[in-house]
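Novice: mind looking at a prediction? Sequence and model below.
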Amino acid sequence: MELLDNLDKVHTTEMGVGRIKRNIGVDVEDIVEYCIDKIKQDNAVIERKGKNYYVTVDGIIITVNASSYTIITAHKEKK
């Protein structure tokens with residue numbers, strides 16, 4: 001899986017940090033590291049749709065741009 005092979009390139013923007021933390025309700029020092037740890041989990045489901053990867057894991061969905069590896073957003077999965 002291309003995303004897993006390029007985890008070293010995964011990053012987000014300054015605005016993304018606040019948005020991701022707010023949307024999934026976590027307060028961690030390094031939100032990128034938090035998301036990478038989630039993406040690496042065995043139970044993570046990674047799908048590529050168009051220009052983005054969608055990683056569903058532990059009740060959250062992380063959206064990563066497929067060409068720049070920027071974490072665009074993350075949100076809680078709708079039940």
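Specialist: Received, thanks. Numbers count the residues shown, from 1 in each chain.

Novice: contacts, neighbours, all on C-alpha from now
Specialist: OK.

Novice: would you list every one of the strands in the protein?
Specialist: In the chain, the strands defined using DSSP state E lie at 45-49, 52-57, 60-65, 71-76.

Novice: list the buried residues for the first one?
Specialist: Counting neighbours by 16 or more other CA atoms under 10 Å, one finds that the buried residues in strand 45-49 are 46, 48.

Novice: with stretch 16-33 instead?
Specialist: Within stretch 16-33, the residues scored as buried using 16+ other CA under 10 Å are 16, 17, 19, 20, 21, 24, 31, 32.

Novice: report pLDDT for the closest residue to the last one other than its chain neighbours.
Specialist: Yep, that's residue 32 we're talking about. Once flanking residues are discounted, residue 32 sits nearest to residue 11: 6.0 Å by CA to CA, 6 or more residues apart in numbering. Predicted confidence (pLDDT) for residue 11: 98.

Novice: identify the residue nearest the most centrally placed residue in the chain in space, chain neighbours excluded?
Specialist: Centroid-nearest residue in the chain, with CA atoms, centre = their mean: residue 62, separated by 3.4 Å. Spatial nearest neighbour of residue 62, chain neighbours left out: residue 74 (4.2 Å); criterion: CA to CA, 6+ apart.

Novice: the one you found and residue 20, how far apart?
Specialist: Applying CA to CA, to the nearest Å, the value for residue 74 to residue 20 is 5 Å.

Novice: before we move on, the earlier item: what sits against the residue nearest to the centre of the chain?
Specialist: Contact analysis of residue 62 by CA atoms under 8 Å, 6 or more residues apart in numbering lists 35, 53, 54, 55, 56, 71, 72, 73, 74, 75.

Novice: re earlier: if I look at the residue nearest to residue 62, how far off is residue 67?
Specialist: From residue 74 to residue 67 the distance is 17 Å (CA to CA).

Novice: look at these two and report which has more neighbours.
Specialist: Set side by side, residue 74 and residue 67 show more neighbours around residue 74, with 23 against 10, by other CA atoms under 10 Å.

Novice: kindly state the pLDDT recorded for the more buried one?
Specialist: Looking at residue 74, its pLDDT reads 98.

Novice: likewise residue 1?
Specialist: Looking at residue 1, its pLDDT is 81.

Novice: alright, calling it a day.
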